[in-house]
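Trainee: here is my input, please return the structure:
(2 chains)
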Amino acid sequence: QSALTQPASVSGSPGQSITISCTGTSSDVGSYNLVSWYQQHPGKAPKLMIYEGSKRPSGVSNRFSGSKSGNTASLTISGLQAEDEADYYCCSYAGSSTGYVFGTGTKVTVL
Amino acid sequence: QVQLQESGPGLVKPSGTLSLTCAVSGGSISSSNWWSWVRQPPGKGLEWIGEIYHSGSTNYNPSLKSRVTISVDKSKNQFSLKLSSVTAADTAVYYCARLSIVVVPAAMSCWFDPWGQGTLVTVSS
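Mentor: Have a look, this model is predicted:
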């Protein structure tokens, strides 16, 4: 089972909005599975940002939002801030024979 | 709130067995959640290793299944990972995490939260 495909890097200026895509197949993202998203700063553990495709855990800024269309899920960060500079990963269930697959990861740079 | 803490040797010899334990505090390992291991090689992405339920039921990444064993100790509120026949390719930061699964109409959702701080395991002679 291959990892979900994400762009290697995305950048934006403070205040702008950026979108990170997460492309899978009909066996994972497209198969009625709701994606979760994680933020990881260097040397730190991943932090849950989005679950059930579009829900935010308590304490996560409403600048983060999630959506899905077909085999592609997306994470949008609006009002980009310096603290948003980090790596981001998506994750999806891929069936009983495969388990869970993560995305390849996207490095977000705030210009 | 629930907190997880990994522990175990930071250095393992090639062909040996990697052994890690994840202690769960602030909540019971017998709750309605699965408990997982995820690893991240230096400079690379995340890889799911496997999961266990408090009943002892397990599921493993098929690419690692022949070498992985995950077990649970309810009396100590912890779960453990053993990875055998390790090579340099198994050098990574190993994280434990709670896995929540929700089945909603026509959809399934899963997410890892919280995570332990991670522990670096190096495979080297």
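Trainee: buried sites along stretch B:38-51?
Mentor: Buried residues in stretch B:38-51, counting neighbours by 16 or more other CB atoms under 10 Å in any protein chain shown, are found at B:Val38, B:Arg39, B:Gln40, B:Gly45, B:Leu46, B:Glu47, B:Trp48, B:Ile49, B:Gly50, B:Glu51. Using the backbone N, CA and C atoms, a C-beta is placed for each residue, glycine as well.
Trainee: residues in contact with the lowest-mean-pLDDT helix or strand in chain A?
Mentor: Ranked by mean pLDDT, DSSP states H and E, the weakest helix or strand in chain A is strand A:33-34, scoring a mean of 86. Under the criterion CB atoms under 8 Å, 6 or more residues apart in numbering or on different chains, residues A:Tyr51, A:Glu52, A:Gly53, A:Lys68, A:Ser92, A:Tyr93, A:Ala94, B:Val104, B:Ala107, B:Met108, B:Ser109, B:Cys110 lie in contact with strand A:33-34.
Trainee: touching chain B at all, the lengthiest strand in chain A?
Mentor: The longest strand of chain A (DSSP state E) is strand A:86-93. Yes: judged by CB under 8 Å from any CB of the partner chain, strand A:86-93 and chain B are in contact via A:Tyr89, A:Cys91, A:Tyr93.
Trainee: next secondary structure after the lowest-mean-pLDDT helix or strand in chain B?
Mentor: Every helix and strand of chain B was ranked by mean pLDDT, DSSP H and E. The lowest is strand B:107-115, at a mean of 91. Using DSSP states H and E, the next helix or strand after strand B:107-115 towards the C-terminus is strand B:119-123.
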